[in-house]
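Asks: just the structure for this:
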Amino acid sequence: MKWTAYDVSMYEKEKQYIDTAVLPLLPLTFSERAKLVAADGEFMQLITTEIERQLKGRLFLLPSFTYFLSETLDACVERLNDWTRELKEAGMSHVFYVTTDQKWKEAKQELSGALFFLPSVPFEHMDESYKQQIVHEQTSKLLNAFISWWM
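Replies: Modelled structure (predicted):
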């Protein structure tokens, strides 16, 4: 399920079966790294959208948790844990964070949800069939990691 009016109405009817929130962690910057950061965001959106498609009815893909690269990690962790607390109070047993930003690995122990790191893959000049292959491979790895977490 995605954060759309239709899916939210379905969630309200079936919430006892949907126990997992997926929250992409998306950095923002307008520095010289902006293009790279935006490309990472596109990559993560492709992966998380495919995860949602394959696990529809089991998880809820939320809008990205956005933060500026200039924010301190401590401030980001505090804000993310506040979001996670709200999600758990709303009935989400599991909150999965998906990111390409390595800095989150430093705070893994402080996070209230489970962190899943994806290596960044630049798609800008890549052939479409190769893009699809990479998305499939990364999605499979993430699916296996989610399923392992649930067991």
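Asks: what's the top helix by length along the chain in contact with?
Replies: In the chain, taking DSSP state H as the definition, the longest helix is helix 128-150. With contacts defined as CB atoms under 8 Å, 6 or more residues apart in numbering, helix 128-150 is touched by 20, 46-47, 50-51, 54-55, 59, 94, 96, 98, 114, 116, 118, 121, 123, 126. Just so you know, the C-beta spots here come from the backbone N, C-alpha and C atoms, and that holds for glycine as well.
Asks: so what's the residue nearest the centre of the chain up against?
Replies: Nearest to the mean C-alpha position of the chain, by CA atoms, centre = their mean, lies Pro24 at 2.4 Å. Residues counted as contacts of Pro24 (CB under 8 Å, 6+ apart) are 41, 44-45, 48, 61-62, 64-65, 97-99.
Asks: mind running it again at 10 Å?
Replies: Going by CB atoms under 10 Å, 6 or more residues apart in numbering, Pro24 touches 41, 44-45, 47-49, 51, 61-66, 96-100, 118.
Asks: what lines up beside the lengthiest strand in the chain in the sheet?
Replies: Taking DSSP state E as the criterion, the chain has its longest strand at strand 20-28. Next to strand 20-28 in the sheet, as set by DSSP bridges, lie strand 59-61 (parallel), strand 65-68 (parallel), strand 94-99 (parallel).
Asks: pLDDT of that strand, averaged?
Replies: Averaged across strand 20-28, pLDDT comes to 96.
Asks: do you know how far Ser140 is from Ile134?
Replies: Using CB to CB, to the nearest Å, one obtains 11 Å as the distance from Ser140 to Ile134.
Asks: now Val77
Replies: Distance from Val77 to Ile134, by CB to CB: 29 Å.
Asks: any idea which element the closest residue to Tyr67 other than its chain neighbours lies in?
Replies: Nearest residue to Tyr67 in three dimensions, chain neighbours excluded: Cys76, at 4.9 Å (CB to CB, 6 or more residues apart in numbering). Counting by DSSP states H and E, the element that carries Cys76 is helix 73-89.
Asks: quick one: list the elements packing against that helix.
Replies: Counting contacts by 3 or more CB pairs under 10 Å, 6 or more residues apart in numbering; DSSP states H and E, helix 73-89 packs against strand 20-28, strand 65-68, strand 94-99.
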